[in-house]
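Asks: The following block contains a protein sequence and its predicted model.
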Amino acid sequence: MARPINEEKRQERRSRILEEAVVLFAENGYSNTTTALIAQGVGVTPGTIFQYFPSKEALFYAAVLEPLADIQAKSLACLKQEGTPSELIKNMVEEQFNHIYCYTNELRLVQYVLGQRIRFPELTQKVLESTKVMTDTIECVYAKGQLMGEFNKSFSPAMISRAYISLLNGVGLTLGKNIIHHPEWGNLKEHALYLFAPTQPKEKAREFE
């Protein structure tokens, strides 16, 4: 059943407010970003912001956590499909590297929070919990792949999962929206897959490109 048009407009405006907040918080930080500045960017009055978010802090939390939840959901979906562990890992890498450039500001904002853990203790904990869900899932898939002989058994699944997330974040933060124009873009995805130490011949792994 379709939602009433007013509700659709409300959700659209909320999304625009959140998108503007992500950009401004990532560029200016929490203290230097006012709700008036966000409202100006969206083209609404400052009071409109509080119809959607009860406070600036609540808006900041949403700007950090909601995009992170979206990234996580898409990644976990790749790891819960039918297929062998190596196929699932390949699908995840493909999905994440094809869309990571869309989340440049979101990644900058997450790093901003993690860099000030004393200032944002509760938010930091939520970010770390979200990351752990992702790394734990990768670990399980990878460990299963090791048992099936698809991945090198000498590596720690925990180490591999954390190293991959670090690489993914680094690529997104370093290259940003110019990532798809980078001359080594295709090779970056291939090297991300190699990080998992697949046991298949290199020639077969190149089918990932």
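Replies: Arrived safely, thanks for sending.
Asks: Remind me what the longest helix along the chain packs against, helices and strands.
Replies: Ordering each helix of the chain by length in residues (DSSP state H) puts helix 121-147 first. With contacts taken as 3 or more Cβ pairs under 8 Å, 6 or more residues apart in numbering; DSSP states H and E, helix 121-147 sits against helix 56-79, helix 85-99, helix 104-114, helix 157-175. Yep, even glycine has a C-beta here, placed from its N, CA and C like the rest.
Asks: what's the angle between that helix and helix 104-114?
Replies: Put simply, helix 121-147 runs at 110 degrees to helix 104-114, going by axes from the mean of the first three to the mean of the last three Cα atoms, to 10 degrees.
Asks: Can you name the residues that contact the residue nearest the centre of the chain?
Replies: For the chain, the residue sitting closest to the mean C-alpha position, by Cα atoms, centre = their mean, is I71 at 4.1 Å. Contact partners of I71, counting by Cβ atoms under 8 Å, 6 or more residues apart in numbering, are Q96, Y103, E106.
Asks: can you do 10 Å?
Replies: Under the criterion of Cβ atoms under 10 Å, 6 or more residues apart in numbering, the neighbours of I71 are 95-96, 99-100, 102-103, 106-107, 110, 130, 134, 168, 172.
Asks: so what's L123 closest to, chain neighbours aside?
Replies: The spatially closest residue to L123, leaving aside those adjacent along the chain, is V113, at 5.4 Å (Cβ to Cβ, 6 or more residues apart in numbering).
Asks: buried ones in stretch 64-75?
Replies: Residues of stretch 64-75 classed as buried under the neighbour-count rule (16 or more other Cβ atoms under 10 Å) are V64, L65, P67, L68, I71, S75.
Asks: Turn those residues into a markdown table, including pLDDT and distance to P85.
Replies: Shown next, in a markdown table, are these (pLDDT from 0 to 100; distance: Cβ to Cβ, whole Å):
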| residue | pLDDT | distance to P85 |
| --- | --- | --- |
| V64 | 96 | 31 |
| L65 | 96 | 29 |
| P67 | 93 | 27 |
| L68 | 92 | 25 |
| I71 | 89 | 21 |
| S75 | 90 | 15 |
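Asks: Low-confidence ranges, the protein, go.
Replies: By pLDDT under 70, the weakly predicted segments of the chain are 1-5, 175-186, 200-209.
Asks: so Q96 sits right up against L193, yeah?
Replies: No. Counting by Cβ atoms under 10 Å, L193 is not a contact partner of Q96; they are 11.2 Å apart.
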